[in-house]
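> coords below, sequence missing:
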């Protein structure tokens, strides 16, 4: 009986150890792809902050590295972000993420319950408090609107749009990239929406693209442009119909399919293509902004652009395009 008890206890401890080792990975696995990227970025930034304080770490990517984390360190990072001009909203979201990982480390046994309780007591700033904080920062001459996201996307020229959509080699990789850029630049999809597409998403006969919006958890459908239809037809002809990977794949230098494309791989494709035409650090979000602006300047109604982008209100679409700035420019873009 004692042997059976010892065996059960040993198995339980082994299971705990395995669960603890993979607790961060399992947590991220349940998140949307774009959320995973955001979490990884915030943890890297927190890791850099800790390194500056002398807290030795290898990126804070394992629960063991969190064993020395205290509420004082996290609260210190909260104040650090405010002092360095991050918006209150971005600061709140970042601290929420860090507290979540601290909680996972506590569950894995690397932060004791007393310290974890103190960490959980760290609060974000309410809207009223945010106003007072920003007033004080403005009075001190400090920035108040730095976000963890890029503040302003680049608007691409007509030539740059044509280069990104059409200057690709006649290879499987070239056909894949042509479809990716056509979707971003003509459909305005988010990264997660593009990554969720399958062959069945493309109704080529009726020129309709079906997709799922992870951000709002609903389904959308939009009319495809001629470039999207042409690129999709070329890509589907080049890639085997029975390929078991996701729609967008990674391709070796020899032209062979080696797996499914990841979010980071997608971002690298966009960044590298931008670099080739003289646009450093080009992102999928830049392409989404470009689509919105090009559509507006072509005379497409704001309501239609709002629907295509999946914005909940037209006000968001106006900020996306910066309608106010464009109207100021157009008012004097003529003789008087």
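Structure's in. What do you need? Everything numeric here is computed off the predicted structure, so don't read it as measured data.
> when you work out contacts or count neighbours from here on, use the C-alpha atoms and nothing else.
Will do.
> could I get the full set of strands for the stretch 201-336 of the chain?
Listed in chain order, the strands of the stretch 201-336 of the chain (DSSP state E, counting those that start in this stretch) span 202-203, 208-213, 218-223, 249-251, 257-260.
> switch those over to CSV; also include mean pLDDT.
Listed next are these as CSV, based on pLDDT from 0 to 100:
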stretch, mean pLDDT
strand 202-203, 96
strand 208-213, 92
strand 218-223, 90
strand 249-251, 93
strand 257-260, 90
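> between those, which gets nearest to residue 96?
Nearest of those to residue 96, taken as C-alpha to C-alpha: strand 208-213 at 23.5 Å.
> any residues touching the closest one, and which ones?
192-194, 196-197, 201-203, 218-224, 310 (C-alpha atoms under 8 Å, 6 or more residues apart in numbering).
> and stretch 93-106, by the same measure?
Residues outside stretch 93-106 that contact it (C-alpha under 8 Å, 6+ apart) are 23-24, 39, 42-43, 63-64, 66-67, 69, 74, 78, 111-113, 116, 119-120, 124.
> out of the residues you listed, which are buried?
23-24, 39, 42-43, 63-64, 66-67, 69, 74, 78, 111, 116, 119, 124 (16 or more other C-alpha atoms under 10 Å).
> tabulate the strands of the stretch 201-336 of the chain (a markdown table), appending distance to residue 296 and mean neighbour count.
Shown next, in a markdown table, are the strands of the stretch 201-336 of the chain (distance: least, C-alpha to C-alpha, whole Å; neighbours: other C-alpha atoms under 10 Å):
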| stretch | distance to residue 296 | mean neighbour count |
| --- | --- | --- |
| strand 202-203 | 25 | 17 |
| strand 208-213 | 21 | 18 |
| strand 218-223 | 17 | 14 |
| strand 249-251 | 33 | 19 |
| strand 257-260 | 34 | 15 |
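> tabulate those (JSON lines), appending distance to residue 56.
JSON lines is the format used below for the strands of the stretch 201-336 of the chain (distance: least, C-alpha to C-alpha, whole Å):
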{"stretch": "strand 202-203", "distance to residue 56": "49"}
{"stretch": "strand 208-213", "distance to residue 56": "40"}
{"stretch": "strand 218-223", "distance to residue 56": "43"}
{"stretch": "strand 249-251", "distance to residue 56": "35"}
{"stretch": "strand 257-260", "distance to residue 56": "35"}
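> closest one to residue 85 among these?
Of all these, strand 208-213 comes closest under C-alpha to C-alpha, at 31.5 Å.
> where in the stretch 151-300 of the chain is pLDDT low?
Residue ranges of the stretch 151-300 of the chain with pLDDT under 70: 151-154.
> quick revisit: can you tell me which of the buried ones among the contacts of stretch 93-106 is nearest residue 89?
Distances from residue 89 to those, taken as C-alpha to C-alpha, are shortest for residue 124 (8.7 Å).
> what's the closest non-adjacent residue to the closest one?
In this structure, residue 124 finds its nearest non-sequential neighbour in residue 92, 5.1 Å apart by C-alpha to C-alpha, 6 or more residues apart in numbering.
> same question, residue 235
residue 175 (5.2 Å).
> what about the one you found, distance to residue 239?
9 Å (C-alpha to C-alpha, to the nearest Å).
> residue 133 too?
In terms of C-alpha to C-alpha, residue 133 sits 55 Å off from residue 239.
> number of residues surrounding residue 132?
Number of residues near residue 132 (other C-alpha atoms under 10 Å) recorded here: 11.
> how would you label it: helix, strand or coil?
Classification of residue 132 using DSSP: H, G, I helix; E, B strand; the rest coil returns helix.
> read off the pLDDT value for it.
For residue 132, the pLDDT comes out at 83.
> ditto for residue 15
At residue 15, pLDDT is 55.
> the residue nearest to residue 235 should be in a strand, yeah?
No: counting by three-state DSSP, residue 175 is not found in a strand; it is helix.
> tell me the spacing between it and residue 224.
In terms of C-alpha to C-alpha, residue 175 sits 17 Å off from residue 224.
> residue 23 too?
Residue 23 is 41 Å from residue 224, by C-alpha to C-alpha.
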